[in-house]
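Colleague: Any chance you could fold what I've pasted below:
(chains A and B)
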Amino acid sequence: MIGIVIVSHSRKLAEGLKEIADVMSGQPVPVAAAGGVDDPENPLGTDGVRVLDAIREVMSDEGVLVFADIGSARLNAEMAIDLLEPEEQEKVHFCDAPLVEGVLAAAVQIGAGSPLQAVMGEARQAAAQKPPASEAPRDAQSGGVTREFTIRNPMGLHARPAALLVTAMNAFSGEIRLANLSKGRQPVNAKSINGIMLSEVTAGDRISLTAEPAEAEAVFAAFEELIGKNFGDEATASPPAAPVETPAAAPQTAPPSSSGTLSGTLEGISIASGFALGPLHHVRNTLPEIEPVEVADPAAETERFTRALADAEAEITASLAAAGQRITAYDRKIFDAHISYLHDPEIIGTVKRRIADKGICAEAVWREVVADLAGTYAALEDPLLKARASDIIDVGLRVLRFLTGGETAAAAVSEPSVLAFADLRPSDVLALDESRILGICAMTGGKTSHAAILASALSIPVVFAVGEQLAGVAEGTQVLLDGTAGRLTVAPDPAAIATMKKDRKTWEDRRARAEALKTRPAQTSDGHEIRVAANMASVEELGVVATSGAQEVGLLRTEFLYMRREAAPGEDEQYEVYRTLVAGLEGRPLTVRTADIGGDKPVPYMDRPPEANPNLGWRGLRYSLAVPEFFDVQLAAILRASAHGPVRIMFPLVSTLQELRAAKERVRAVMATLRSRGLAFDDTLEIGMMIEVPAAAEMADMLAPEVDFFSIGTNDLTQYVMAADRANARVQDLFDPFNPAVLRMIARSIEAAHAADIWIGMCGAMAGSPIAAPILLGLGLDEFSMTPSDIAEFKLTVRDLALPDCRTLAADVLKLSSADAVRERVAGLHGG
Amino acid sequence: MTETLTTAVTAPMVRAWIERSAKVLADNRAYLTELDAPIGDSDHGNNMDRGFKAALEKLPEGDDIGAMLKSVAMSLISKVGGAAGPLYGTMFLDGAKPLAGKTSLSADELAQFFDDAVAGVMKRGRSDVEMKTMLDALAPAARAFREEAAKGSDIRAALKAAAEAARQGMEATIPMQAQRGRASYLGERSIGHQDPGATSSHLILQAFSDVVEEAAQ
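Modeller: Alright, predicted model coming up:
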């Protein structure tokens, strides 16, 4: 993707502008801010080397656009371009445009997939006071089809709505023009952010859209969809659901008072499993009130403040180092952002000035500045920017601790406790000493927040969103936290405690054994080793996968790249995602399954006809082969990522040898294109296919010589073999992978793979099942790919098995006549 | 004490030049800023001081003159902050290009250094002499150096002539109307002020002349 570099005298301006660009572009466009110089006293200026680094940070084959504010910024931008290698220089262009408008226009156009020249053109026109001259009334002659619409979203077509519109319109190849009829404006190019913004379409305006006849209907449909979605305007969306409350003893309307304690059960969301019983300790992570005290020597006070900043930074760095493998590069970025706040010249300058001007203590000034800044962020509508408020308070509290010399770490407790937070923050997780903390609960929070992702890797129970009643539970009250069920019991009765203790004992023993084995190879009691892998479906899971004990990723579902958006992701965007994953896996192989988007996962821009039987329809490899422009983009992105570490390609839903050969032909064609584009990839990467259609299992002996590996998808294989829809409750007894018919298909596939000397894995739900483990081991499966949190437990199961027993068992179950009989036979193995 | 010819500038002299420049620019920080106040951003003294302090800190060990000057260039580009950063950066960078690996410089090589430096500044700033910029000190200095060196190859004499030419060039900027940079926004009101960039250029060249002179004695 084309990159943007912002060169400004002010670091704050460059970073602020980057922030707006990130939000407005609607997609992750690579933007690098290169503002200011490293001099806290005189932070304004430009640093040519910083510009150079910024250019390289966002460099790709598609080019980089450099924008500068005034005077020396431009000189330093040109200086930096001159310092690049000649082959880099060709790709970098200085864009002579007004900084703010230019960068934003460029970011939107890049996000919408426009080519470099169009992006530069838009950027340069960005500050025009009137819409770009229209080549207008050619609509009639050119035979365009026009339709009128009324814009109803409260904001009209400004900023983000306009960006969404440009992105949607860019998906069409023909010319599209938009005219604001209500304001009597000339038609403008509907793919131009400037054109649309300058048309000043506000709520209630009537507009016309003119498109080429061949695609007019599709254009109008896309536009109507945007209207239907209110152009992404969240203003009218319903507020987030209130936390679930139970009708137990907890008074529903109890104010979070300090006196009196509540009893009963608070329901929340499970973030990490486990059990805990202990006193509740409230951890305050909001800013305390601080009395401004006059100081005699403001210079010494400033000195103290500077030291506190340095101490805070050292502490973050130290805790990052201590956390080691527990957090990934991805998570580290959160804390890099925290460190950058400690260097923000604007914040530091303001604090120093106020200390000097008012002669009051640093902690009071710092508290005031942090609270103001957090308040400003919290008041914003954008959820991403809003979330910055908690980051700022997080950093603010840390510095405050050094200034006031108060309690050391946020979570320092005198006796092992269950910690209660209003809102758990990433740094809270990092600061935890797991050995002294029994569990964590928080009033708010969701499963997808950064803190949740970090906390899910903890070995103590974590429950979020238990509601505000938590504040009313008195300090020191005995609580029972069940991380598996996502429940907090206040003042539990002896019976509840007894039950829990028994559950916990079992859970802890097994957990301790499993944890000890987690990072070791998976081996049976007689030393037979198998590969254990993780299934993934998003970048955010990287940290969890990295610490799960997985040796590799056996299945990366790529559908997440395509969902909830207006157009298919481009090659560079996909490449960035795969590359991030490869880097995060640090040498562990990544198996990327090409998109399997079927009728059951509607993706609007794919424009698929409705199907009566989506599961038997145009999906998986069938769709990819029919739409090569879609398939080739994904293959190119996966191949390019293979230059950075071990990557495998896997095709879903293969039914015939011809399909497999056609898919491999596409891979070869894309490889040839990449070579001619001079892009690196690993031409020895493994190519494999899913075994999920009975035809493929039956013909596995003919397919195996064509690939490097198989991976069995048990969900689809089961529903196709048994002709039982997995979504239909009435036929659930048939939808069971333990049916000998399914097991025979699996056995046949494994046999065919080994006869052709290739390896075979399984990435369906069955792979992580402790009941299936002895059967699959006995049949000879090489790789087991599962949900990361199942891995430790799975390795433990394998450890108790012996290969000869498994082989006997596997041979036996293939001769049984029902799934129940299979289960019984497996239970017999465990029993004796 | 006999008069001897100086026929080469050695690496220790170049190191001493950078050290002296840093000192002189620090000593003249307030003066340069004062010159910059009426026609610029009042930051030239501070910027140059910061830039050369960084240059001194990062100056590599060893006798490779090309490497030393390139390092100075990168420090200035990164640390000066204002337009002087890329301009002085280019001056040292372009001047140093043919000098990689050299441990001493002949008069010819120094003459080439000054010519390349001036050409680089002209290109970077899209400017020429008589626009009231540092070039008004640098360009005459480069010319004077080459002419004096041609007479007898004595680098001391040539540097002395160069520093003197730079001083005259600097003073000649007083009646000029600025055509580049922030000062050019002032139009005729820029007349009557000495250009701060030409002044820092003179200080740097004078420092060079002084350290070579001292080394010879």
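Colleague: Could you look up the SS state of the residue in chain B that chain A sits nearest to?
Modeller: Minimum separation of chain B from chain A (Cβ to the nearest Cβ) falls at residue B:81, amounting to 2.3 Å. All C-beta atoms are positioned from the backbone trio N, CA, C, and that covers glycine. With DSSP: H, G, I helix; E, B strand; the rest coil as the basis, residue B:81 sits in coil.
Colleague: Residue nearest the middle of chain A, spatially speaking?
Modeller: Central residue of chain A (Cα atoms, centre = their mean): residue A:540, 3.9 Å from the mean position.
Colleague: Which pLDDT value goes with that one?
Modeller: Note for residue A:540: predicted pLDDT of 72.
Colleague: Now do the SS call for it.
Modeller: helix.
Colleague: Correct me if wrong: the residue of chain B closest to chain A contacts residue A:46.
Modeller: Yes. Here residue B:81 reaches residue A:46: they are 6.4 Å apart, a contact under Cβ atoms under 8 Å.
Colleague: Same drill for these two, tell me which one is more crowded.
Modeller: residue A:46 (36 against 29; other Cβ atoms under 10 Å in any protein chain shown).
Colleague: Is the helix or strand of chain B with the lowest mean pLDDT positioned near chain A?
Modeller: When each helix and strand of chain B is scored by mean pLDDT, DSSP states H and E, helix B:29-39 comes last, with a mean of 91. No. If you take Cβ under 8 Å from any Cβ of the partner chain as the test, helix B:29-39 misses chain A, and the best it gets is 11.1 Å.
Colleague: List the buried residues for that helix?
Modeller: B:29, B:31, B:32, B:33, B:35, B:36, B:39 (16 or more other Cβ atoms under 10 Å in any protein chain shown).
Colleague: OK, contacts around residue A:268?
Modeller: Shown in contact with residue A:268 (Cβ atoms under 8 Å, 6 or more residues apart in numbering or on different chains): A:243, A:244, A:441, A:442, A:463, A:464, A:465, A:466, A:467, A:486, A:487, A:488.
Colleague: residue contacts, the residue nearest to residue A:361 when sequence neighbours are not counted?
Modeller: In this structure, residue A:361 finds its nearest non-sequential neighbour in residue A:293, 4.5 Å apart by Cβ to Cβ, 6 or more residues apart in numbering or on different chains. For residue A:293, the contact set (Cβ under 8 Å, 6+ apart) comprises A:360, A:361, A:364.
Colleague: how much space between the residue lying closest to the first one once chain neighbours are set aside and residue A:400?
Modeller: Of all residues beyond its chain neighbours, the one nearest residue A:360 is residue A:292 (4.3 Å), with distances taken as Cβ to Cβ, 6+ apart. In this structure, residue A:292 and residue A:400 are separated by 14 Å, where distance is defined by Cβ to Cβ, to the nearest Å.
Colleague: Comparing those two, which residue is more hemmed in?
Modeller: Between residue A:292 and residue A:400, counting by other Cβ under 10 Å, residue A:400 is the more crowded of the two (21 against 14).
Colleague: so the more buried one sits right up against residue A:366, yeah?
Modeller: Yes. The criterion here is Cβ under 8 Å, and residue A:400 meets it with residue A:366 at 6.4 Å.
Colleague: Poorly predicted segments of the stretch 151-300 of chain A, please.
Modeller: A:155, A:159, A:194, A:232-263, A:285 (pLDDT under 70).
Colleague: Residue of it nearest chain B, please.
Modeller: For the stretch 151-300 of chain A, Cβ to the nearest Cβ, closest residue to chain B: residue A:299, 20.2 Å.
Colleague: Name the helix or strand for the closest residue to chain B within chain A, please.
Modeller: Nearest to chain B in chain A, going by Cβ to the nearest Cβ, is residue A:45, at a distance of 2.3 Å. Residue A:45 is located outside every helix and strand, with elements delineated by DSSP states H and E.
Colleague: Much appreciated, bye for now.
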